[in-house]
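Peer 1: Let me see the structure of the following:
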Amino acid sequence: MWLREGWKGGFVFGGREWEEHTLMGTLMDLLSGTYFLAVLLACIVFQSGAQEKNYTVREELPENVLIGNLLKDLNLTLDPDVPLSSPLQFKLVYKTGDVPLVRVEENTGEIFTTANRIDREKLCSGIFSENRCFYEVEVAVLPDEVFRLVKIRFLIEDINDNAPLFPSTVINISIPENTAINSRYSVPSAIDPDIGVNGIQHYELLKGQNVFGLDIIETPEGDKWPQLIVQQILDREQKDTYVMKIKVEDGGTPPRSSTAILQVTVTDVNDNRPVFKENDIEVSIPENAPVGTSVSQLHATDADLGSNAQIHFFFSNQISSLAKRLFALDNTTGLITIKEPLDREESPVHKLTVLASDGSSTPSRATVTVNITDINDNVPSIDTRYIINPVNGTVLLSEKAPLNTKIALITVMDKDADLNGKVTCFTDHDVPFRLKPVFDNQFLLETATFLDYEVTREYAIKIVASDSGKPPLNQSAMLLIKIKDENDNAPVFTQPVIGLSIPENNAPGTQLTKISATDADSGRNAEISYMLGSDAPPIFNLDRRTGVLTAVRKLDREKQDRYSFTVLAKDNGMPPLQTNATVTLSVLDQNDNSPAFTHNEYNFYVPENLPMYGTVGLITVTDADSGENAAVTLSILNGRENFIIDPLTGVIRPNITFDREQQGSYTFQVKAVDGGRVQRSSTAKVTINVVDVNDNRPVFVIPSSNYSYDLIPTATNPGSVVTKVFAVDNDTGMNAELRYSIIGGNSRGLFTVDQLTGNITLKEKVITADHGLHRLVIKVNDLGQPESLYTIALVHLFVNETITNGSYVQELVRRNMETPVGQNVGDGEITPQTNDYVKIIIAIIAGTMTVILVIFVTALVRCRQTPRHKVVQKGKQSGEWVSPNQENRQIKKKKKKKKRSPKKSKPDDPAHEHINGTLDIPVELEEQTMGKYNWGTTPTTFKPDSPDLAKHYKSASPQPTFQIKPETPVPPKKHHVIQELPLDNTFVVGCDSLSKCSSSSSDPYSVSECSCQGGFKTPGPIHTRQSGIGAFIWTELYLKVSQKQARLLFFY
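Peer 2: Okay, the predicted model is just below:
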């Protein structure tokens, strides 16, 4: 046990800071120690290592006061699975001869005070400041299975058990009679061994007679110095002595106090006091300095003369008794010398307060601080405190003692400082023990390796402690340990790991191997029994006496290919010892399993645009066997002409291109064969479904031709369905979902189209301004992803009461076909009624131009007859007129082989199909389209009941004239597409139904019976001028017939 000063704060253990436990002086009501221990032992788990615990205890407590409970305060827990060799025990470790101030109950861990009172002033003598005073002990927690060493620090709390006392019961002070009012004179301070609030707090002057007062001066060190204050003028002749009392009181509860007589003598005047050359002096001197060595020479001067200048040096009564004993002061010279040998370990610093007086009442004060420097003059000490109780000075230790078994607590100390006090501790030779540091200068002697009685039966351990001084000082101690013999040899297997292998499908009872073990012991301790471990499967059996291992039933590698279990060898010692070995059994494979597909039938879905040799899918096959027996090869039994399969990976790839419209699925068988000597195989069905891709544009079925038209009577009610459009798409699903819309030709908003059914409805009531031909641009698009495809068609609607002349309407349709799709038509059309009125005006104006009119009629007749005959003869080279008439269709099909192949156009690019440009559409396009969808419908044509008015309309109608120049370059003008369908779905043709009707036609007014040679090219713009007086229209018409040009100049 020893003391430590200046410890501050708490400490950290187990991840949290343990608070100090303050004992308030009252006994705590606790459960019975035995009952409390019994409850906690079932759930306690200890952690290894050293611990610390702090308590605060008041001094002077009576005997058997409870301070704390280690079991609770350390939160100790015990693992119920760890068996204890002896009951839990708390043992106070202290040096022989020491008188412990506390005791620890071995069974409960409760800490109590003893009959030896705790006196702080005795334990920490010389400590008068606020430094803390500690008392330390060590407690060992036993048995060794849960061992730990606990250092307990008791912070001794001061109580007010000492009264402050003056150095003398009578204090004499001399004050000169000429002392000024408020002059101060020092009064010797009282001394109180207590500290803090229990120390000196207050001085009081009693019976001061109003002549003197008292003031308290507090020094930086916290000391309180009383000073006597002169409050009235003194006159020695009137009164030369004043007797008073001075009282000192501490701050304890209750406070303690004492008094002294203060006698003031009024003296004659000595008005200059001595002055020190240095008021604060600090010196260092080694602790081995001999007696008589000079420590410091003080110098002081006095301005007075004579006896008033004679200076007398003396120590203040406030220095410690130790300082007065160690140092001497020459009263005359002020030389401080060593009076007795110094010991730094006793006190490293001494503060000497020296007073210099010339006989006056106020001496001068100087402080000399003497630092004692350390000399390596102390040999380290070794204190051995046994944890395992020795017998006759020898520790008995079983050879079965586990590692880290704690034997003794070794404490080494050196009173020197710094390196001289730094101690190392070690054993002088190699032993199976080690010194483990736990606290500063404290070590645990514990086992470092396992002990063996058969190897070494006794150890004499020499423990050496050496400091770091120059030269170092050493100390040694001997410790004797005897080893106690135990049954410590367990059986040993010849092989710690026994590896076996056997083919599967073995016969039951097959012997696998014979297991053997040896035991270094003898007699019954060497008799061995063999057993299977708890992890051994029930299919194995081990003979207890011979060690023969057998398999009791057939093994199946596919169920389990490897077994690993333990076998035990147990001797008959007391207690018996056993050891184990690991048996690893590998089951060898036989080809007794066929390849297995993960599915009996596989279904794959691939897009129809999957490229050739792209990945269709993966066939997964497994074989429960291993090695070559599990090496599976795949092949296609049927369908090799369409697909290939990787024989190892099972990846299926096509060697064809897919077209869902031609074939939607493929089915074939896949065979899997393993690599065993006797091969096994299995098959699976594979179905590949071709998923549709949006690769077909919608195709218009209604209208069947861009040249058809419908009559809308003016009396039609709004909301009536006037016509409909209908298209189909060869794709499926969303790719075949169609939506209709009007994208042009409906500037007045007269018509609407149902986006789902394609019904075109009259939206508003027809007015006079709506009469005439309307061309609607209808767009149909599918809902395919990622890109929607669309097609455009033209729907012509003729708004009038009736159709009086079908040729005229057909002429309007033909001219509308030459108008760009983006340009609305019908706004300026003149109905037959209006045209009659215009003809009358034109006839009056043209009366004067009869001759010119006759020439015009003659030229018109030649244009309608002779060129037409030549055009029919050239039809084989340039294509024929498309007729939706079924009879003409059959005739055209017979001539199909003789026709030249048409040029492929780009229906997706609007720049390649023109209205106001070249219309060169071969007849095959419409024939192919009409033949693909044989709906049995014929476009409606109108035969007028009235005479042919074509010439009249052509000459008198204000319709715009046009000129066709086949050799004139086409200007760079962007035109709209008529329909954005694949080429075989295009119904657009370029044909002049008035000027080039076939001579073989029986009905000159039927559009379906007209034919044309090649196509008309209108590279230039169409010039239009409305009717008026003096209006002239020059029209140049170029027709390419039989590779000759005929130029007709019409002047009107």
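Peer 1: going forward, measure contacts between C-alpha atoms and count neighbours the same way
Peer 2: Will do.
Peer 1: Contact partners for the closest residue in space to Asp330 that isn't next to it in sequence?
Peer 2: Nearest non-adjacent residue to Asp330, counting by CA to CA, 6 or more residues apart in numbering: Ile336, 6.6 Å away. Contacts were defined as CA atoms under 8 Å, 6 or more residues apart in numbering; by that measure Ile336 touches 294-298, 327-330.
Peer 1: Pick out the most distant pair among those residues.
Peer 2: Farthest-apart pair in these is Leu298 and Phe327; separation 13.8 Å (CA to CA).
Peer 1: How much space separates the nearest residue to Asn198 once chain neighbours are set aside from Asp194?
Peer 2: Take Asn198 and drop its neighbours on the chain: the residue closest to it by CA to CA, 6+ apart is Gly252, 4.5 Å away. To Asp194, Gly252 is 9 Å away according to CA to CA, to the nearest Å.
Peer 1: Also Pro286?
Peer 2: Distance from Pro286 to Asp194, by CA to CA: 32 Å.
Peer 1: From the contact counts, what lies against the one helix or strand Tyr808 maps to?
Peer 2: Taking DSSP states H and E as the criterion, Tyr808 maps to helix 806-817. Under the contact definition 3 or more CA pairs under 8 Å, 6 or more residues apart in numbering; DSSP states H and E, helix 806-817 sits against strand 772-782, helix 950-956.
Peer 1: Leu588 - nearest residue in space that isn't next to it in sequence?
Peer 2: Pro503 (4.3 Å).
Peer 1: Run a quick neighbour tally on the one you found.
Peer 2: The number of residues packed near Pro503 is 14, by other CA atoms under 10 Å.
Peer 1: That one contacts Asp589, doesn't it?
Peer 2: Yes: using CA atoms under 8 Å, Pro503 makes contact with Asp589 at a distance of 6.3 Å.
Peer 1: so where's the stretch 801-950 of the chain shaky on pLDDT?
Peer 2: Along the stretch 801-950 of the chain, the parts satisfying pLDDT under 70 run over 821-843, 864-950.
Peer 1: same question but for the stretch 251-400 of the chain, I mixed them up
Peer 2: 268, 271, 361.
Peer 1: So which of the contacts of Ile336 is the closest to Ala490?
Peer 2: Checking the contacts of Ile336 against Ala490 by CA to CA gives Phe327 as the nearest, at 73.1 Å.
Peer 1: Test of understanding: give the bridge partners of the closest one.
Peer 2: Note on Phe327: beta-bridge partners by DSSP bridges are Ile338.
Peer 1: which residues sit in contact with it?
Peer 2: Contacts of Phe327 (CA under 8 Å, 6+ apart): 336-340.
Peer 1: Could you export these as CSV, including distance to Val423?
Peer 2: Compiled in CSV, those are given as follows (distance: CA to CA, whole Å):
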residue, distance to Val423
Ile336, 35
Thr337, 33
Ile338, 30
Lys339, 32
Glu340, 29
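Peer 1: Could you point out which of these is nearest to Val275?
Peer 2: The closest of these to Val275 turns out to be Ile336 (CA to CA; 17.7 Å).
Peer 1: That closest one looks like it's in a strand, true?
Peer 2: Yes: assessed with DSSP: H, G, I helix; E, B strand; the rest coil, Ile336 lies in a strand.
Peer 1: related to what we said a few turns ago, with Gln560 as the reference, measure out to the residue nearest to Leu588.
Peer 2: Per CA to CA, Pro503 is found 12 Å from Gln560.
Peer 1: Equivalent analysis for Asn441, please.
Peer 2: As judged by CA to CA, Asn441 and Gln560 stand 61 Å apart.
Peer 1: Pick out whichever of those two has more residues nearby.
Peer 2: More neighbours surround Asn441 than the other of Asn441 and Gln560, with 17 against 11 (other CA under 10 Å).
Peer 1: Could you tell me which residues make contact with the residue nearest to the more buried one when sequence neighbours are not counted?
Peer 2: Leaving aside its sequence neighbours, Asn441 sits nearest to Val412 (CA to CA, 6+ apart; 5.4 Å). Neighbouring residues of Val412 by CA under 8 Å, 6+ apart: 380-383, 423, 425, 441-442, 465.
Peer 1: one more time with 10 Å, if that's ok
Peer 2: Neighbour list for Val412: 380-384, 422-425, 440-443, 464-467, 475 [criterion: CA atoms under 10 Å, 6 or more residues apart in numbering].
Peer 1: Over to Ser626?
Peer 2: Ser626 neighbours (CA under 10 Å, 6+ apart): 557-558, 561, 588-591, 593, 675-676.
Peer 1: do that again at 6 Å, thanks
Peer 2: Not one residue lies near Ser626 by CA atoms under 6 Å, 6 or more residues apart in numbering.
Peer 1: Quick check, pLDDT for it.
Peer 2: What the model reports as pLDDT for Ser626 is 87.
Peer 1: okay, now Ala596: neighbour count?
Peer 2: Neighbour tally, Ala596, other CA under 10 Å: 19.
Peer 1: wait, what's in contact with it?
Peer 2: Per CA under 6 Å, 6+ apart, neighbours of Ala596: 621-623.
Peer 1: Among those, which lie within strands?
Peer 2: Among these, the members found in strands (DSSP state E) are 621-622.
Peer 1: For Leu262, state which of the contacts of Ala596 is nearest.
Peer 2: Closest approach between the contacts of Ala596 and Leu262, by CA to CA: Thr622, at 115.0 Å.
Peer 1: is that closest one in a bridge, and if so with what?
Peer 2: Beta-bridge partners recorded for Thr622 (DSSP bridges): Ala596.
Peer 1: In contact with Val197, which residues?
Peer 2: Counting by CA under 6 Å, 6+ apart, Val197 touches Gly251.
Peer 1: which SS state does it fall under?
Peer 2: Following three-state DSSP, Val197 is assigned to helix.
Peer 1: picking up where we left off before, quick one: which helix or strand includes the residue nearest to Asn441?
Peer 2: Under the criterion of DSSP H and E, Val412 resides in strand 406-413.
Peer 1: any idea of the mean pLDDT in the helix or strand following that strand?
Peer 2: Using DSSP H and E, the helix or strand that follows strand 406-413 in sequence is strand 423-427. In this model, strand 423-427 has a mean pLDDT of 89.
Peer 1: hmm, back to that, how about the contacts of Ile336 in a markdown table, adding distance to Pro167 and secondary structure?
Peer 2: Below are these laid out as a markdown table (distance: CA to CA, whole Å; DSSP: H, G, I helix; E, B strand; the rest coil):
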| residue | distance to Pro167 | secondary structure |
| --- | --- | --- |
| Ser294 | 28 | strand |
| Val295 | 27 | strand |
| Ser296 | 26 | strand |
| Gln297 | 27 | strand |
| Leu298 | 25 | coil |
| Phe327 | 20 | strand |
| Ala328 | 20 | strand |
| Leu329 | 20 | strand |
| Asp330 | 22 | coil |
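Peer 1: Put the buried members of those residues into a PyMOL selection.
Peer 2: Here is the PyMOL selection string for the buried members of the contacts of Ile336, based on 16 or more other CA atoms under 10 Å:
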select buried, resi 294+295+296+298+327+328+329
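Peer 1: Would you mind putting the contacts of Ile336 into TSV with distance to Ser321 alongside?
Peer 2: Formatted as TSV, those follow (distance: CA to CA, whole Å):
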residue	distance to Ser321
Ser294	20
Val295	18
Ser296	19
Gln297	21
Leu298	21
Phe327	10
Ala328	12
Leu329	14
Asp330	18
